[in-house]
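Student: I would like to see how this sequence folds:
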Amino acid sequence: MYVTSVINSSRRTPRPERWLICLDLQREFVVPGRPHYAEAADRVASACIKVLEHARASGWRVVHTQLRLADGASFGGGLFGAPIEGLRPLITEPVFLRRSLSAFADGDFAAELRAAWGAEVFLIGFSLADTCLATALSAVDLGVELTLVEDAVGAGGELAASAAEAGRTILRPFTRTVMSDDLAMSDAEIAL
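Tutor: This next block holds a predicted model:
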């Protein structure tokens, strides 16, 4: 039996109007030579940093989720399973350690995101062709509407470009998309 780990979980009120799900923001995806590395990794990581900084400055609820293998390791352990520089969770941001592709398969993550129903929920991260895809489709089933931040979602490995495009094609009918540069304008419109 697996036990889900939740690190730094905290709840705050009032309910935020916007949420950010950060999937697999781990070094495995940005270190050249690693199996999940892709050429676009630096560009995706930069867009993720921009979105995360914007979300924090705007008071969004930010949640992180990372894959952990049955033995507790992640991508060979410590170094490559660690968060990417500039994308480390804050103490107030929960980190859910999951053992399946969809973050919603983790009961603690699903319980956290129940509070997001009816709010805007944005998704960034790596592993578009598997984890992001599975999480986004699970969200649809659970009634949580997601928006993919197009330039802040990537795929890793040798087939990264084709896998990313396939993932985006599958998700197009079920999710909205936005570019990271458009988020600040969108928040300014809400404030008016």
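
Student: Looks to me like residue 53 is in a helix.
Tutor: Yes. Applying DSSP: H, G, I helix; E, B strand; the rest coil, one finds residue 53 inside a helix.

Student: Bridged to the nearest residue to residue 55 once chain neighbours are set aside, which residues?
Tutor: Nearest residue to residue 55, sequence neighbours excluded (Cβ to Cβ, 6 or more residues apart in numbering): residue 20, at 4.3 Å. The way it works is simple: take the backbone N, C-alpha and C, and place the C-beta from them, glycine included. Note on residue 20: beta-bridge partners by DSSP bridges are residue 62, residue 122.

Student: number of nearby residues for residue 20?
Tutor: Around residue 20 there are 27 other residues, counting by other Cβ atoms under 10 Å.

Student: any idea which element residue 140 lies in?
Tutor: Counting by DSSP states H and E, the element that carries residue 140 is helix 133-142.

Student: Which parts of the protein are strands?
Tutor: 5-7, 18-23, 61-67, 95-98, 120-125, 146-153, 176-178 (DSSP state E).

Student: Which elements pack onto the last one?
Tutor: On a contact count with 3 or more Cβ pairs under 8 Å, 6 or more residues apart in numbering; DSSP states H and E, strand 176-178 meets strand 146-153.

Student: Please name the strands paired to the strand it packs on in the sheet, noting orientation.
Tutor: With DSSP bridges as the test, strand 146-153 pairs up with strand 120-125 (parallel), strand 176-178 (parallel).

Student: roughly how far is that strand from the heart of the chain?
Tutor: 9 Å (Cα atoms, centre = their mean, to the nearest Å).

Student: Could you list the buried residues of it?
Tutor: 146, 147, 148, 149, 151, 152, 153 (16 or more other Cβ atoms under 10 Å).

Student: What is the neighbour count of the nearest residue to the last one once chain neighbours are set aside?
Tutor: In other words, residue 153. Distances taken as Cβ to Cβ, 6+ apart place residue 128 nearest to residue 153, at 5.1 Å, with adjacent residues excluded. Using other Cβ under 10 Å, the number of residues around residue 128 comes to 28.

Student: Same question for residue 95.
Tutor: Residue 95, neighbours per other Cβ under 10 Å, totals 18.

Student: which residues pair with it across the strands?
Tutor: Taking DSSP bridges as the rule, residue 95 bridges to residue 7, residue 64.

Student: how much space between it and residue 18?
Tutor: 19 Å (Cβ to Cβ, to the nearest Å).
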